[in-house]
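Enquirer: Quick one, fold the following:
(one chain, ligands or ions: 1)
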Amino acid sequence: MRILITGAKGQLGHELARALCGHDLVLADVPTFDLLKPEAERFICNARPESVIHAAAYTDVEGAEREPDLAMAVNAEGTERVARAAAAVGSRLIVISTDYVFDGRKHTPYDEQDQPNPLGSYGRSKYEGERLARQACPDTLIVRTSWLYGLHGKNFVKTIMRLAAEQPELRVVADQRGCPTHAGDLADALARLANVPLRGVAHATGSGDCTWHEFASEIVALMGRSVPVRPITTVETRSVVPRPAYTVLGNRVLAGVGITLPHWKEALVRFVNDVQAGAPAMS
Ligand SMILES: NC(=O)c1ccc[n+]([C@@H]2O[C@H](COP(=O)([O-])OP(=O)(O)OC[C@H]3O[C@@H](n4cnc5c(N)ncnc54)[C@H](OP(=O)(O)O)[C@@H]3O)[C@@H](O)[C@H]2O)c1
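Expert: Numbers count the residues shown, from 1 in each chain. Below is the predicted model:
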């Protein structure tokens, strides 16, 4: 099958290229493919894919508060461009979205049917992208994931691994709960979804949930370090970026088609081992 992957140089994009390597792949990313430019639509139409996995995004949550118009242009208008092109060539479209579309006021896992209510610019731009994609391309599946980390690119796990080697003590937020997701596991799930004619919304995260503090403590323990990891509150971080307190996503739709991602602790063991064994340089 001819599959076009946007954001091919990102954390998830790299893993998608690996997981889908048996297919005829078209890898799209800046500078030759720019969601901000109308030519992005022509790029997709010329490639004539049967399926598009749209992983490219403006992903800097803090940056999105400083430049909300840019986040909206990339994540909403850019996604609409991708969806229009997919519809024009009769391609299926999978749009990768985020747990940050929810406000985090629940205390039980968010279902695919729950109403989004994003707190910040990043979540708003991604939710608008979801809406525009479904409007422009009838054969669209929105796949929401969370707390993503992969070997290629910056992420929480790599940051904690670096800080644990540099600092005498770590202070990590203990009042935000979610689902860490290994980009490789998500890519494997998306590769299986390539053959499943689902439409609408599906949540796809690592199994189980934790706070950032529990996540960091597990990373440090797996490294064999004894550096203390102190729990702090969101208020203590003095961040002005609104972050939802609880974004555990129930993966009901995926389970319905027999797909479950590994538990976050098991995935983390693999990841830390891979990094320690010298897998792609930590950035
Ligand atoms: N990371 C997370 O924790 C997380 C959580 C939930 C959902 N998601 C979603 O999962 C998807 C993949 O995330 P990720 O962590 O793999 O992201 P990533 O590593 O930041 O990769 C995104 C890719 O998109 C590219 N991009 C940015 N602006 C673009 C533009 N105008 N035109 C074309 N490409 C552009 C980036 O290029 P540059 O690097 O050059 O900017 C990068 O290669 C995204 O849709 C994200 O919203 C991520």
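
Enquirer: Only C-alpha atoms from now on, for both contacts and neighbour counts.
Expert: Will do.

Enquirer: which residues are contacting stretch 68-83?
Expert: 35-36, 38, 40-41, 44, 54, 57-58, 64, 93, 121-122, 124-130, 132-134, 136-137 (Cα atoms under 8 Å, 6 or more residues apart in numbering).

Enquirer: List only those of these flagged as buried.
Expert: Neighbour-count burial (16 or more other Cα atoms under 10 Å) applied to those gives 35-36, 40-41, 44, 54, 57-58, 64, 93, 121-122, 124-130, 132-134, 136-137.

Enquirer: Helices - which of those residues land there?
Expert: Taking DSSP state H, the ones among those that sit in helices are 40-41, 44, 64, 121-122, 124-130, 132-134, 136.

Enquirer: can you list the residues of the stretch 51-200 of the chain near the ligand?
Expert: 55-59, 74, 96-99, 145-148, 153 (Cα under 6 Å from any ligand atom).

Enquirer: how about 8 Å then?
Expert: Contact residues (Cα under 8 Å from any ligand atom) of the stretch 51-200 of the chain with the ligand: 54-60, 74-75, 78, 95-100, 126, 144-150, 152-155, 183.

Enquirer: Pull out the buried members of those residues.
Expert: So, by 16+ other Cα under 10 Å, the buried ones in those are 54-58, 74-75, 78, 95-100, 126, 144-150, 152-153, 155, 183.

Enquirer: In strands only, show me those residues.
Expert: 54, 95, 96, 97, 98, 144, 145, 148, 149 (DSSP state E).

Enquirer: which residues does the first one bridge with?
Expert: When bridges are called by DSSP bridges, residue 54 pairs up with residue 6, residue 95.

Enquirer: How about the contacts made by it?
Expert: 5, 6, 7, 79, 82, 93, 94, 95, 96.

Enquirer: The third one now?
Expert: Residue 96 makes contact with 53, 54, 55, 142, 143, 144, 145 under the criterion Cα under 8 Å, 6+ apart.

Enquirer: What separation do you get for the second one and residue 250?
Expert: Computed with Cα to Cα, to the nearest Å, the distance linking residue 54 and residue 250 is 22 Å.

Enquirer: Report the contact partners of the residue in the chain sticking out farthest from the centre.
Expert: Distance to the chain centre peaks in the chain at residue 168, reaching 30.8 Å (criterion: Cα atoms, centre = their mean). With contact set as Cα under 8 Å, 6+ apart, residue 168 has these partners: 227, 228.

Enquirer: Helix, strand or coil: sort out it for me.
Expert: coil (DSSP: H, G, I helix; E, B strand; the rest coil).
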